[in-house]
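Novice: Pasting the sequence and the predicted coordinates here, then a few questions.
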Amino acid sequence: MSRLSKISLLFLILYVPSILSGNHSSIRVDAMQITFPIPSKEDLERGYVEAIGNLEGIQAFIQSQNNENSHWRLFLLTEQPYFIPIQMNKPHYDLLWKLHQDSESKYQPVSLQRSEIISGISTTQIQIDFRLKISWQDEPAQYILEVLFELDSL
Amino acid sequence: MSFKPRFFIRLLILFYGWFAGFCLVNVSAQDRTSVYADIVIPPIVELKVENKQTFPEPSVVDMKRGSMELQNAVRLIVHSNSPWKISIYSRCDNLYITPNAYKPIQDFQWRTTGGTYQSISRSPVTVITGEKGVVAREIFLDYRLLLRWENTPPGHWEFEPIFDISPWESDP
């Protein structure tokens, strides 16, 4: 076997098991639902309502596996242009989010593209606040939007 | 040109080794989870009654004419996220609060601007209906009081119509 082949085999032996074992992080979200209270007249006049529940948002746990120093990036997005039921035409960007520790001015709309929430290198717990823009133009209905969290491990 | 299988096998192993190394450096694992944002918006309607005017004391001229009128006597302001209707009615039969003086509430009439006067009653009557998504819509009402010598005795009368707003479903 030539030297070249031996080097290639060495690559296979050393690195493939490492790839297969999965050097990645995982995410766990502590709520299956971002619940908003039934809005009042005052909420409609103010123009928004904030999520209820534990600490007014949801918590996400990012856990680094196998390697405490693995680098990860957490993103948020939706794949739905409109809330369900879509015939009500309530756009996805009426849903706003921010990290709990950030100021009110940091609220930003949920996007169809990935927005980076935070990045890190170790196990972390974060809290995200959600706010929903509402108005007198919103017809009575139950509105639902799926929000995706994607965790990339490098 | 002759076919050399060992050469191709070596090339394949070389490529695979390179690919494994490439993946090690560049591959990123992804974890994905989702939550649902959920809100129930009920029908919400709001009515504000503003700019209430009061009738002046009737004069002889008013008595001879048989009525006195108050234009833009009241302003109604509507907010609603669903179709709505406003009703008007009275809780009493007598316009007077002075004891032993009586004037039927039917002598109190109302109309929307440009409409036709009609008497108020104890049964709610629809004043106006509207569509969804209304923000601060203004409706002005005119009032008219019928005056007759025989049923307008001296005394103090005090009357305020009741307005109700409620969700309304138009006929299909």
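Specialist: Looks like it arrived, so ask away. Numbering: from 1, shown residues only, chains lettered A, B, ... in the order given.

Novice: low-scoring stretches of chain A, by residue?
Specialist: A:1-24, A:31, A:53-58, A:64-69 (pLDDT under 70).

Novice: and with 90 instead?
Specialist: A:1-35, A:51-73, A:100, A:119-128, A:151-154 (pLDDT under 90).

Novice: residue boundaries of the helices in it?
Specialist: Assigned by DSSP state H, the helices in chain A fall at A:3-21, A:41-46.

Novice: neighbouring contacts of the last one?
Specialist: Surrounding helix A:41-46, the residues in contact under the criterion Cβ atoms under 8 Å, 6 or more residues apart in numbering or on different chains are A:37, A:49, A:134, A:135, A:136, A:138, B:44, B:46, B:79, B:81. C-betas here are computed from N, CA, C, even on glycine.

Novice: for the residues you listed, which one is nearest residue B:113?
Specialist: Nearest to residue B:113 among the contacts of helix A:41-46 is residue B:79, at 20.0 Å by Cβ to Cβ.

Novice: Quick one, which of the contacts of helix A:41-46 are buried?
Specialist: When the contacts of helix A:41-46 are checked for burial by 16 or more other Cβ atoms under 10 Å in any protein chain shown, the buried set is A:49, A:134, A:135, A:136, A:138, B:44, B:46, B:79, B:81.

Novice: Export the residues you listed as TSV, with columns for distance to residue A:62.
Specialist: Rendered in TSV, the data for the buried ones among the contacts of helix A:41-46 read as follows (distance: Cβ to Cβ, whole Å):
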residue	distance to residue A:62
A:49	28
A:134	31
A:135	35
A:136	39
A:138	34
B:44	39
B:46	44
B:79	43
B:81	39
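
Novice: Show me which of these is closest to residue B:147.
Specialist: Residue B:147 lies nearest to residue B:46 out of those, by Cβ to Cβ, at 35.5 Å.

Novice: what sits opposite that closest one in the beta ladder?
Specialist: Beta-bridge partners for residue B:46, by DSSP bridges, are residue B:79.

Novice: residues of the helix or strand containing residue B:77 that come out buried?
Specialist: Assigning secondary structure by DSSP states H and E places residue B:77 in strand B:67-80. Of the residues in strand B:67-80, B:68, B:70, B:73, B:74, B:76, B:77, B:78, B:79, B:80 count as buried by neighbour count, 16+ other Cβ under 10 Å.
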